[in-house]
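In: One predicted model, sequence on top.
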Amino acid sequence: MNIMVSGLIITAIGMGLVFAATVALWGLMAFMVGLDGKITPAEEKQSEPEESGDKAEEPSDSRKMQAAAAALAFALADRETRDAAVAPAYTSLPGVWKSVQQAQVLQEKSRLFAHRTSRRS
């Protein structure tokens with residue numbers, strides 16, 4: 001058997017295994033999503049209050065206060081994330097990594113210079 005043929009066979013086996021694993025993971029994910037879809041609607045039906053009559057009941061004062069508190073908390077958190085998202089001011093100082101790299105370049109140049117001068121002597 002030629003080395004090229006055996007290499008192609010090994011490659012085909014490897015690619016087949018990768019493809020099979022991908023299909024298996026895709027099937028597992030589809031199965032898990034299907035389970036989640038079956039469980040969630042039953043829970044939602046239990047948690048929803050039943051409406052009696054044509055009009056929905058008005059929320060109580062405590063519900064209104066909770067909604068207002070939640071809206072305020074969201075607004076404050078949103079403002080903090082917007083303030084944090086502002087780009088930092090540009091600094092003219094080079095970063096630590098750039099300084100280290102420049103030091104390494106200078107050290108290498110000094111080695112070359114020292115090597116050349118020692119050969120001339």
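Out: Yep, it's here. Numbers count the residues shown, from 1 in each chain.

In: Strands of the chain, residue ranges please.
Out: If DSSP state E is used as the criterion, the chain turns out to lack strands entirely.

In: remind me which residues of it are low pLDDT?
Out: 39-57, 83-94, 121 (pLDDT under 70).

In: mind checking the longest helix of it?
Out: helix 3-47 (DSSP state H).

In: burial count for residue 110?
Out: A count of nearby residues for residue 110, using other CB atoms under 10 Å, gives 10. (C-beta placed from N, C-alpha, C; glycine too.)

In: That should have said residue 76, apologies.
Out: 10.

In: Repeat that for residue 22.
Out: Residue 22: 10 neighbours (other CB under 10 Å).

In: ditto for residue 120
Out: By other CB under 10 Å, neighbour count at residue 120 equals 5.

In: what's it in contact with, if anything?
Out: By CB atoms under 8 Å, 6 or more residues apart in numbering, residue 120 lies in contact with nothing.

In: Can you give me the separation between it and residue 9?
Out: Distance of residue 120 to residue 9, computed by CB to CB, to the nearest Å: 61 Å.

In: From residue 23, how far off is residue 29?
Out: Counting by CB to CB - residue 29 and residue 23 are separated by 11 Å.

In: try residue 65
Out: Residue 65 is 52 Å from residue 23, by CB to CB.

In: same thing with residue 59?
Out: 49 Å.

In: Ok, residue 38 next?
Out: 23 Å.

In: and residue 20, how many residues sit next to it?
Out: As a measure of burial, residue 20 has 10 neighbours, counting by other CB under 10 Å.

In: do the same with the one 4 residues further on
Out: One way to gauge burial is a neighbour count; for residue 24, by other CB under 10 Å, it gives 10.
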